[in-house]
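Novice: After the sequence you'll find the predicted model.
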Amino acid sequence: MTTILVCDTCRYSQTEKLNGDQTGGEILADLVEKAAPTGISVKRHSCLMGCDHHCNIAIRAKGKLTYVLGRFEPNAESAAAITEFATGFDASQTGRVPFREWPQGVKGHFVSRVPPIEDDD
């Protein structure tokens, strides 16, 4: 199962921690939860240690690459792009999504790609 982890402690913007009484991560998590299609799990995680980037998320699944993305605006457009990319990730055997299939809203937001954990022999 593909999981989108949303950092719920992330700043609202590069300069602001909160918007009202919510962090940017909390706002983005709410929006991603609403936008996620059936079969894609959304979990909140406190601190993905990407504090130089606000509104960080990770997309992962067993046996696949893990992607960490950040610098999102906590809005519906970002949530839609994240969930669209996660849908392509979910359909892929390895987690690789061809660049031509990336939603515009995730381009420029990739922070890292982590190889899958392999079973030890």
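Specialist: On my side now, so go ahead.

Novice: any idea which residue sits dead centre in this protein?
Specialist: residue 57 (3.0 Å; C-alpha atoms, centre = their mean).

Novice: Spit out the contact partners of it.
Specialist: 4-7, 28, 32, 48, 68-70, 72, 82 (C-beta atoms under 8 Å, 6 or more residues apart in numbering). No exception for glycine: its C-beta is placed from N, CA and C like everyone else's.

Novice: Among those, name the ones in helices.
Specialist: Counting by DSSP state H, the part of the contacts of residue 57 found in helices is 28, 32, 82.

Novice: Switch the residues you listed over to JSON lines; also include neighbour count and pLDDT.
Specialist: Shown next, in JSON lines, are the ones in helices among the contacts of residue 57 (neighbours: other C-beta atoms under 10 Å; pLDDT from 0 to 100):
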{"residue": "28", "neighbour count": "29", "pLDDT": "97"}
{"residue": "32", "neighbour count": "25", "pLDDT": "98"}
{"residue": "82", "neighbour count": "28", "pLDDT": "98"}
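
Novice: what would those look like in TSV with distance to residue 39?
Specialist: Shown next, in TSV, are the ones in helices among the contacts of residue 57 (distance: C-beta to C-beta, whole Å):
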residue	distance to residue 39
28	20
32	14
82	15
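
Novice: ok, so of those residues, who is nearest residue 42?
Specialist: Minimum distance to residue 42 across these is 5.4 Å, recorded for residue 32 (C-beta to C-beta).

Novice: Okay then, goodbye and thanks.
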